[in-house]
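# this is a predicted model, with the sequence first.
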Amino acid sequence: MSIPPEALTHKALLALEEICGSPDGRFERTMALRFVLAYLYAVSKTKNRHPFDELWNGNGFRHQHSKEMDRICQSQQVNSCLNGIYNAVGVHRSTDFIFYKIRQEERRREKRNRM
């Protein structure tokens, strides 16, 4: 049984959302993230590396007024990179993708409560 490439791309995008889905835009640079970015770049249609590299390298921007603004800027930078990656692979970034991690956590919580 083989898995269609579109299904693998869909799963890679969900994994990317799970890794980078923190509200403050913080995430760890892990081998899992590296693999997901490499796979998505390999199947991208534009071969523009910018959003992939930008996400991996992170944002060194520091806002001069507050740490809260740092978190907002970081979150916006991550979202911008994610949108660029979705565009590169030819997939629309819908709320189904964006809120995947939240839905999974809710399902786990419901399952624990039923036990």
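Noted; the coordinates are in hand.

# alpha carbons only for contacts and neighbour counts from here, please
Fine.

# this structure: helices as residue ranges?
5-20, 31-43, 50-57, 67-89, 95-98, 100-114 (DSSP state H).

# ok, and what's touching the worst-scoring helix or strand of the chain on mean pLDDT?
In the chain, no helix or strand scores lower on mean pLDDT, DSSP states H and E than helix 95-98, which sits at a mean of 77. With contacts defined as C-alpha atoms under 8 Å, 6 or more residues apart in numbering, helix 95-98 is touched by L13, L14, E17, G21.

# in TSV, list the residues you listed along with distance to R112 and neighbour count.
Putting those into TSV (distance: C-alpha to C-alpha, whole Å; neighbours: other C-alpha atoms under 10 Å) gives the following:
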residue	distance to R112	neighbour count
L13	27	24
L14	23	20
E17	23	18
G21	22	22
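
# any idea which of those residues is closest to V91?
L13 (9.2 Å; C-alpha to C-alpha).

# contact partners for that closest one?
Contacts of L13 (C-alpha under 8 Å, 6+ apart): V36, L40, Y86, F97.

# still on that earlier bit, now the contacts of helix 95-98 in CSV, with pLDDT?
Below are the contacts of helix 95-98 laid out as CSV (pLDDT from 0 to 100):
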residue, pLDDT
L13, 94
L14, 90
E17, 89
G21, 78
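
# what's the closest of those to K45?
L13 (14.8 Å).

# any idea how far A42 lies from D24?
To D24, A42 is 28 Å away according to C-alpha to C-alpha, to the nearest Å.
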